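Enquirer: Sequence first, predicted model second:
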Amino acid sequence: MKYFFLLALLLTVQAYSQLPQFKHSMIHSECKGEIPAKLKNGVLANVSIDLAKDKSDWYLNKDFYLQTQYYLNSLLKSGKVIFGDKMNDYVNQVAKDVLIKSGNDSIINKIEIFILKSNKVNAVAMQDGSIFITVGLLAQIENEAQLAFTLAHEISHVILKHNLESYNEVKQEVKNYKQSSENVNDVIERLSDYSKQKELEADSLGYTIFSKAGYDSDEAIKMLYVLLYSHLPFDELPFSSTFFNKENYTLPSDYLSLETMGEISNNIDIDDTYSTHPNIQNRIEGMEKLEENPSGITQYSGDSLFTYINTKARFENQYLNLISKNFFRVVYESYLLKLQYPNNTYLDACIAKGLYGLSKFKTYPEIATNSSWENEIEGNTESIKNMYNKMSQEELATLAIKAIYALKDPNLNSYLYDLVSDMVETMEFDYTDFIVKDKPKSEKTILKEKKENESFLE
């Protein structure tokens with residue numbers, strides 16, 4: 001298999017035409033339609049269903065199902081799960097297509113997929129057939145085939161009953177540890193080996209299901225690279241040094257410069273001794289041994305539907321970045337989206353709120369230390385960090401105030417008052433420090449002043 005696509009993944013913009021739905025605004029996804037039975041049922045009702053499917057002794061697996069259904073119930077009712085939305089419908093349809101086209105249609109009724117409102121690039125499968133795909137993952141993937149492999153991998157975990165096996169393995173290992181003088185690291189390593197083996201098994205079976213469904217086998221490998229670089233934004237482009245410049249306001253040209261970009265980490269062959277997942281290199285090598293299908297396709301649903309879902313996820317992700325305090329990412333990714341949608345006011349609001357967050361970080365460094373944002377800044381996002389480092393508290397607060405004020409949104413007045421309060425009370429800022437450039441006079445004003453002067457001279 002060839003991996004020339006890796007360079008393209010990091011350096012190119014995904015080519016897609018502007019979607020009318022996102023030209024000026026964006027409507028957040030929300031749950032619609034009939035509430036799924038899993039949400040309406042209580043924990044014990046779902047446990048009874050699980051045990052009926054398992055057809056095993058009640059006493060053997062009851063604790064496993066009680067615990068997993070308790071956590072599943074908490075997640076489903078957390079407000080972080082989307083059902084009935086176009087994103088959810090699309091992902092469920094892709095899963096259905098994968099199973100039908102691979103000859104596994106008997107499994108369709110055992111699988112139910114939900115969208116999880118998280119900016120992390122992840123997918124999780126539960127033993128009862130519930131699968132969660134994050135908004136972050138939908139924002140990063142490049143085509144339907146990559147999603148199809150992810151779904152096939154998670155479905156494989158369900159088919160192989162990996163969750164139940166892992167639970168029983170942990171129970172047995174804990175029991176053995178208590179009865180021996182074994183080193184705890186040996187137990188952790190052994191449990192990690194069990195988990196890594198299950199991931200490789202899910203890769204193998206998932207790859208087979210995915211390939212039988214007619215997808216291009218190269219896309220499975222590409223999906224692993226998407227995971228490898230999931231800490232980066234969905235594209236890598238230079239941030240314009242003049243983006244924030246407006247009439248009567250100009251940033252020094254070096255504030256957003258990126259003279260040297262740090263090395264981008266990938267951890268492709270990181271030591272996975274105590275990890276639950278094998279490193280990406282081992283996963284790639286495992287799949288390279290399997291039969292290839294390079295003549296397969298990348299989608300069944302067509303470009304327009306995937307592009308809509310992918311773009312919607314990228315817009316949704318900016319809100320998720322905001323609430324997770326990943327303000328550098330918000331400003332940079334909203335900028336990337338504005339290259340496609342320059343008149344979108346939702347993106348303007350995201351950038352303004354991102355600048356507000358950065359201003360608060362700058363003014364109160366103690367709140368920034370409680371965030372993981374700094375470890376996630378690589379690539380061209382570093383230009384926003386450079387600006388943050390070079391700007392004073394007053395400069396950053398002024399930029400944030402300017403961005404928020406330009407939106408003319410009364411709902412954002414509290415942000416303005418808060419920033420002004422910071423400047424006056426915390427920074428002891430004097431408004432006379434502002435340097436305001438004179439506006440160029442219009443021809444009408446010049447003629448009026450000329451007449452007034454002539455009249456005065458008479």
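Expert: Everything's here; your move.
Enquirer: Low-confidence bits of this protein, can you list those?
Expert: Scanning the chain for pLDDT under 70 picks out the ranges 1-18, 56-58, 167-194, 260-262, 269, 271-276, 369-376, 431-458.
Enquirer: which residues of it fall in strands?
Expert: Assigned by DSSP state E, the chain shows strands spanning 81-82, 112-116, 123-125, 130-134.
Enquirer: Let me have those strands in TSV, adding mean neighbour count and distance to residue 398 as columns.
Expert: Backbone N, C-alpha and C define where each C-beta goes, glycine included. Output for the strands of the chain, formatted as TSV (neighbours: other CB atoms under 10 Å; distance: least, CB to CB, whole Å):
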stretch	mean neighbour count	distance to residue 398
strand 81-82	20	38
strand 112-116	22	38
strand 123-125	19	42
strand 130-134	23	36
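Enquirer: between those, which gets nearest to residue 263?
Expert: Closest approach to residue 263 among these (CB to CB): strand 130-134, 26.9 Å.
Enquirer: Other residues contacting that closest one?
Expert: Residues outside strand 130-134 that contact it (CB atoms under 8 Å, 6 or more residues apart in numbering) are 38, 72, 75-76, 81, 91, 95, 111-126, 147, 150-151, 154-155, 158.
Enquirer: can you pull the contacts of the residue nearest the centre of the chain?
Expert: Closest to where the C-alpha atoms of the chain average out (CA atoms, centre = their mean) is residue 136, at 2.3 Å. Going by CB under 8 Å, 6+ apart, residue 136 touches 118-122, 230, 313, 317, 320.
Enquirer: Reformat the residues you listed as CSV; add neighbour count and distance to residue 130.
Expert: CSV is the format used below for those (neighbours: other CB atoms under 10 Å; distance: CB to CB, whole Å):
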residue, neighbour count, distance to residue 130
118, 18, 15
119, 24, 21
120, 13, 18
121, 19, 19
122, 15, 14
230, 15, 22
313, 24, 20
317, 28, 22
320, 21, 21
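Enquirer: which one among the residues you listed gets closest to residue 59?
Expert: Distances from residue 59 to those, taken by CB to CB, are shortest for residue 122, at 33.5 Å.
Enquirer: Residue 139 is in contact with that closest one, correct?
Expert: No: applying CB atoms under 8 Å, one finds residue 122 not in contact with residue 139, separated by 11.8 Å.
Enquirer: Tell me where the stretch 351-458 of the chain has helices.
Expert: For the stretch 351-458 of the chain, the helices defined by DSSP state H, counting those that start in this stretch occupy 365-368, 382-390, 393-406, 413-421, 443-457.
Enquirer: Next, format those helices as JSON lines and append mean neighbour count and distance to residue 299.
Expert: As requested, the helices of the stretch 351-458 of the chain are arranged in JSON lines below (neighbours: other CB under 10 Å; distance: least, CB to CB, whole Å):
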{"stretch": "helix 365-368", "mean neighbour count": "12", "distance to residue 299": "42"}
{"stretch": "helix 382-390", "mean neighbour count": "19", "distance to residue 299": "33"}
{"stretch": "helix 393-406", "mean neighbour count": "20", "distance to residue 299": "38"}
{"stretch": "helix 413-421", "mean neighbour count": "15", "distance to residue 299": "41"}
{"stretch": "helix 443-457", "mean neighbour count": "9", "distance to residue 299": "57"}
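Enquirer: can you tell which of the ones you listed is closest to residue 345?
Expert: helix 393-406 (10.2 Å).
Enquirer: Any idea how far the closest one is from the middle of the chain?
Expert: Distance of helix 393-406 from the chain centroid (CA atoms, centre = their mean, to the nearest Å) equals 27 Å.
Enquirer: could the strands of the chain be laid out in CSV, adding distance to residue 224?
Expert: CSV is the format used below for the strands of the chain (distance: least, CB to CB, whole Å):
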stretch, distance to residue 224
strand 81-82, 26
strand 112-116, 21
strand 123-125, 13
strand 130-134, 16
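Enquirer: Looking at these, which is nearest to residue 387?
Expert: strand 130-134 (28.9 Å).
Enquirer: what lines up beside the closest one in the sheet?
Expert: Partner strands for strand 130-134, per DSSP bridges, with pairing direction: strand 112-116 (parallel), strand 123-125 (antiparallel).
Enquirer: unless I'm mixing things up, residue 202 is touching residue 157, no?
Expert: Yes: counting by CB under 8 Å, residue 202 touches residue 157, with 5.0 Å between them.
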